[in-house]
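Trainee: One predicted model, sequence on top.
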Amino acid sequence: MQAALALGASAFWPANRARAFASQRLTQDDLLAFEPLGQVTLLHVTDLHAQLRPLWYREPATHVGAGEDAGLPPHLAGRALLEAYAIEPGSALAYTLVADDFSALAKAYGRVGGLDRLASIVHAIRATRPQRTLLLDGGDTWQGSYTALASRGADMCEAMRLLGVEAMTAHWEFTYGEQRVRELVDGLGFPFLAANVFDTEWDEPVFAAHAHFERGGIPIAVIGQAFPYTPIANPRWQMPTWSFGVREESLRGQVAAARAAGARLVVLLSHNGFDVDRKLAARVPGLDVILTGHTHDALPAVLPVGRTLLVASGSHGKFLSRLDLDIGSDGVRDFRYRLIPIFADAIAPDPDMAKLIERVRAPHAAMLDEVLGRTRSLLYRRGTLNGTYDDLIVDALRATQDAEIALSPGFRWGGALLPDSAITREDIYNQTAITYPAVYRTTMTGAAIKAILEDVADNLCHPDPYYRQGGDMVRVGGLAFTLRVAGATGQRIEDLRRWPDGAPIAAAKSYTVAGWASVNEGVSGTPVYDVVADYVRAREEIELAPHAGMKLI
């Protein structure tokens with residue numbers, strides 16, 4: 001029934017829609033089609049990663065779930081996901097949700113996202129639901145592009161003010177450091193919510209925990225939940241006096257206080273990741289809606305967990321979630337949902353946002369548009385074990401650092417490039433723009449390399465969601481291995497060997513290893529975006545098949 005309610009199922013996106021869009025007949029009105037319901041409309045966008053312009057974005061071909069989450073949404077990919085939600089293969093919505101036939105479908109349906117297109121959709125919905133609409137941002141907004149890195153987040157703050165965001169939470173935002181985050185929050189113009197971030201010395205909240213709104217006559221409480229594992233996944237030295245965590249008991253208190261203050265709708269604006277939020281929803285009563293983020297999952301239907309509605313809105317501005325709620329005396333009485341794909345070619349850009357984007361980019365446009373080379377193959381990042389964009393990065397690290405092995409983080413952010421496309425400097429920044437970009441070269445024993453892989457595998461595959469930080473497996477160059485998802489901690493990585501010669505990695509032997517994005521303080525080296533750019537320019541043409549030495553059990 002939930003799938004049928006989602007107006008993104010095959011009833012709304014049949015095969016003839018695919019043909020219609022390819023012929024440029026799908027319109028902005030098609031994307032906005034929705035029968036309003038109730039007093040409140042929640043709009044949710046998350047994990048924008050500072051992408052101002054339309055892009056290609058390929059969803060993962062594999063999506064591993066562990067423990068009790070295995071085989072459940074969002075851990076579905078390809079045909080399994082399409083069948084679960086009755087979506088026609090090859091349709092417009094299928095193009096946005098699965099990796100199947102991505103390059104061919106991308107040519108038919110075009111790029112997705114673009115903050116000026118997103119603004120047009122938001123403004124149109126607000127116009128039909130005045131005083132009933134609430135726009136919330138799930139974080140990972142200020143990081144992921146050159147202009148965000150150069151302005152240290154200021155460009156995205158300005159853009160989100162113009163978009164009309166009414167509250168946000170955070171994760172990668174914290175990698176600008178405590179002082180810069182405070183500066184940006186002070187001038188943000190809307191609430192920055194992080195109920196689970198505390199001062200380590202005084203054990204007091206650093207930011208506002210919640211904000212209160214009224215829409216359609218309904219008092220609403222929005223509680224913010226920043227990424228709970230920030231000091232583990234990112235450098236601790238960038239936020240040395242702040243502590244994070246899930247803080248389940250504290251959240252129970254926040255919900256109870258919101259209810260006591262008269263809230264009839266309680267929303268958790270979360271950057272926990274989907275599996276953490278699914279567990280949280282089952283353990284914290286009183287949450288009506290969780291708008292989840294961090295794991296970049298996009299689901300075309302709401303997932304109910306008891307009386308809590310769990311919404312997953314994708315990433316990179318590719319989707320906008322719309323959730324209409326009918327609130328009765330004892331809570332949510334009914335709801336209607338749509339995951340709206342932001343097809344760039346079907347939406348008229350909002351002129352004010354387009355001007356802002358042009359102004360932000362203008363000082364850097366010549367540098368960003370510089371063509372470094374061409375790719376003859378599809379470059380993409382998402383995937384449990386590897387992505388060809390990451391293969392490009394590790395190839396560059398090995399070649400330029402004269403290293404036997406290269407390691408690259410399993411980051412999910414960054415768009416794709418279609419075969420026979422130019423590779424610009426901006427394309428490289430969109431995969432690497434972080435505040436700790438130094439490339440390093442070191443020596444590691446085989447035992448240490450395996451320990452790193454096992455640690456990341458436990459983060460990915462631990463049966464308890466509270467022990468998963470979300471993410472994909474660390475990317476490797478010069479290595480191959482098998483990942484056994486259901487293996488015991490410390491025993492998930494099997495058949496670890498050199499690639500492509502197949503020689504076993506010896507525990508006591510030392511190997512030269514190159515990498516980037518070390519969380520250790522004081523690491524020095526050439527920024528990875530310059531290393532990769534120089535490598536592409538020297539090669540001129542890139543052609544990469546997916547890493548054939550990886551196996552998933």
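Mentor: Structure's in. What do you need?

Trainee: Please count neighbours and contacts with C-alpha atoms only from this point.
Mentor: OK.

Trainee: where are the low-confidence patches of this structure?
Mentor: Filtered on pLDDT under 70, the chain yields the residue ranges 1-25.

Trainee: domain parsing for it?
Mentor: As given by automatic domain parsing, the domain ranges for the chain are 2-359, 369-552.

Trainee: Serialize these to TSV and add fields for mean neighbour count.
Mentor: Putting the domains of the chain into TSV (neighbours: other CA atoms under 10 Å) gives the following:
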stretch	mean neighbour count
domain 2-359	20
domain 369-552	19
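
Trainee: Quickly list what residue 335 is bridged to.
Mentor: residue 325 (DSSP bridges).

Trainee: contacting residues around it?
Mentor: 37-38, 323-326 (CA atoms under 8 Å, 6 or more residues apart in numbering).

Trainee: Same check on residue 213?
Mentor: Neighbours of residue 213 in contact, by CA under 8 Å, 6+ apart: 219-222.

Trainee: got CSV for those residues, with secondary structure and distance to residue 489 too?
Mentor: Below are the contacts of residue 213 laid out as CSV (DSSP: H, G, I helix; E, B strand; the rest coil; distance: CA to CA, whole Å):
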residue, secondary structure, distance to residue 489
219, strand, 46
220, strand, 42
221, strand, 40
222, strand, 37
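
Trainee: now, among those, which is nearest to residue 366?
Mentor: The nearest member of the contacts of residue 213 to residue 366, counting by CA to CA, is residue 222 at 41.7 Å.

Trainee: pretty sure the closest one contacts residue 266?
Mentor: Yes - at 6.1 Å, residue 222 counts as touching residue 266 under the criterion of CA atoms under 8 Å.

Trainee: Helices of the stretch 251-400 of the chain, start to end?
Mentor: 274-283, 351-361, 365-368, 388-401 (DSSP state H, counting those that start in this stretch).

Trainee: what about those, which gets the closest to residue 123?
Mentor: helix 351-361 (11.4 Å).

Trainee: CA atoms only: put the closest one into PDB for me.
Mentor: C-alpha atoms of helix 351-361 as PDB (Å, rounded to 0.1, in the frame of the first residue of the first chain):
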ATOM      1  CA  PRO A 351      16.200  33.200 -12.000                       C
ATOM      2  CA  ASP A 352      17.300  34.400  -8.600                       C
ATOM      3  CA  MET A 353      19.100  31.200  -7.700                       C
ATOM      4  CA  ALA A 354      20.600  31.000 -11.200                       C
ATOM      5  CA  LYS A 355      22.100  34.500 -10.700                       C
ATOM      6  CA  LEU A 356      23.500  33.500  -7.300                       C
ATOM      7  CA  ILE A 357      25.100  30.400  -8.700                       C
ATOM      8  CA  GLU A 358      26.600  32.400 -11.600                       C
ATOM      9  CA  ARG A 359      28.000  35.000  -9.200                       C
ATOM     10  CA  VAL A 360      29.500  32.300  -6.900                       C
ATOM     11  CA  ARG A 361      31.200  30.500  -9.800                       C
END
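
Trainee: For that helix, name the packing helices and strands.
Mentor: Applying 3 or more CA pairs under 8 Å, 6 or more residues apart in numbering; DSSP states H and E, one finds that helix 351-361 contacts helix 115-128, helix 154-163.

Trainee: Summarise which helices and strands the first one is packed against.
Mentor: Helices and strands touching helix 115-128, by 3+ CA pairs under 8 Å, 6+ apart, are helix 28-32, helix 351-361.

Trainee: could you give the angle of the longest one to helix 115-128?
Mentor: In other words, helix 351-361. 150 degrees (axes from the mean of the first three to the mean of the last three CA atoms, to 10 degrees).

Trainee: what's the angle from helix 351-361 to helix 154-163?
Mentor: Using the same axes, to 10 degrees: helix 351-361 against helix 154-163 is 170 degrees.

Trainee: Of the helices of the stretch 251-400 of the chain, which is nearest residue 523?
Mentor: So among these, helix 388-401 is nearest, using CA to CA, at 15.3 Å.

Trainee: okay, that closest one in CSV with CA atoms only?
Mentor: Output of helix 388-401 as CSV, limited to C-alpha atoms (Å, rounded to 0.1, in the frame of the first residue of the first chain):
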residue,chain,number,x,y,z
THR,A,388,35.7,3.7,-11.3
TYR,A,389,36.2,7.3,-10.1
ASP,A,390,38.0,5.9,-7.0
ASP,A,391,39.9,3.5,-9.3
LEU,A,392,41.2,6.7,-11.1
ILE,A,393,42.2,8.2,-7.8
VAL,A,394,44.1,5.2,-6.5
ASP,A,395,45.8,4.8,-9.9
ALA,A,396,46.9,8.4,-9.7
LEU,A,397,48.2,7.8,-6.1
ARG,A,398,50.2,4.7,-7.0
ALA,A,399,51.7,6.3,-10.2
THR,A,400,52.7,9.6,-8.7
GLN,A,401,53.8,8.4,-5.3
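
Trainee: Packing partners of that helix?
Mentor: Against helix 388-401 (3+ CA pairs under 8 Å, 6+ apart) you get strand 405-408, strand 475-477, strand 510-516, helix 528-539.

Trainee: residues in contact with it?
Mentor: Residues contacting helix 388-401 (CA under 8 Å, 6+ apart): 378-381, 403-408, 416, 439, 441, 475-477, 513-515, 531-532, 535, 544-547.

Trainee: now residue 427: how far from residue 39?
Mentor: Separation of residue 427 from residue 39 (CA to CA, to the nearest Å): 42 Å.

Trainee: Kindly report the same for residue 437.
Mentor: 46 Å.

Trainee: Equivalent analysis for residue 456, please.
Mentor: Distance from residue 456 to residue 39, by CA to CA: 44 Å.

Trainee: What are the boundaries of the strands in the stretch 101-250 of the chain?
Mentor: Along the stretch 101-250 of the chain, counting by DSSP state E, counting those that start in this stretch, strands occupy 133-137, 167-168, 198-199, 210-215, 218-225, 242-243.
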